[in-house]
Each structure stands twice: as C-alpha cells, then as structure tokens.
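>>> model the structure of this input:
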Amino acid sequence: MAELDHLQETFGEMPVLLLDDIASELDRERMTNLLQYVRQQEVQVLITTTDVTPFLPVLQQDSKLFRVEEGRLTYEGNGTP
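Purely as a prediction, here's the structure:
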C-alpha cells in the first residue's frame, strides 16, 4: 500500500494494481479488508484466481468478471446477483 501511495505521489495518478491469487495467500477477513481499502482509494484492480467463490461476496456493480480458459477470454458479468 505504501508503494501505491509512492507511485501516486510520483506520477500524480494511481497505478493499476495487479493481485495474483490473493485468496490462496490471505484469509477471508484480510482479503475483504484489502479489497475495501483499494476500493476506498479508487484504485483499478485486476485480480487473478482459479476460484472466484471467495470473491463473490465482495463483488459490486462496478466489478467485471472474466474467465480465461483454453486461451479464450469470456466476459461473465459483474458477479453480483
């Protein structure tokens, strides 16, 4: 998060944040806290995962869900009910 702040100060805008498989590294509470923090900072985030299930409770209207399978990219909506 300090690096995000540093890059914003240096370049005058927030960078795109890439998070790779955070569900395997963080428990649900820490993952939710991280996603709430980046949402408050208005950071564009790209998250990769092999299982979208842990993210379903935190996806919102402005979220976009894509699947990459066998080299094909498919838009699957925003993940909200």
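
>>> buried ones in the lowest-mean-pLDDT helix or strand in the chain?
Least confident helix or strand, the chain: helix 28-40 with a mean of 87, by mean pLDDT, DSSP states H and E. Neighbour-count burial for helix 28-40, counted by 16 or more other Cβ atoms under 10 Å, picks out 31, 34-35, 38. Any C-beta I mention is one placed from the backbone N, CA and C, and that applies to glycine too.

>>> just name the closest of those residues to residue 49, please.
residue 31 (10.3 Å; Cβ to Cβ).

>>> my guess is that closest one contacts residue 22. True?
Yes - the pair residue 31 / residue 22 is scored as a contact, 5.7 Å apart, by Cβ atoms under 8 Å.

>>> next helix or strand past the least confident helix or strand of the chain?
Heading C-terminal from helix 28-40, the first helix or strand you meet, by DSSP states H and E, is strand 45-48.

>>> just checking, what packs against that following strand?
Strand 45-48 sits against strand 17-20, with contacts defined as 3 or more Cβ pairs under 8 Å, 6 or more residues apart in numbering; DSSP states H and E.

>>> and the strand it packs on, what does it pack onto?
On a contact count with 3+ Cβ pairs under 8 Å, 6+ apart, strand 17-20 meets strand 45-48.

>>> given the strand it packs on, what are its sheet partners and their directions?
Sheet pairing here is set by DSSP bridges, and for strand 45-48 it gives strand 17-20 (parallel).

>>> next, the buried residues of the strand it pairs with.
17, 19.

>>> could you dump the buried residues of helix 28-40 into a markdown table and include distance to residue 49?
Listed next are the buried residues of helix 28-40 as a markdown table, based on distance: Cβ to Cβ, whole Å:
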| residue | distance to residue 49 |
| --- | --- |
| 31 | 10 |
| 34 | 13 |
| 35 | 12 |
| 38 | 15 |
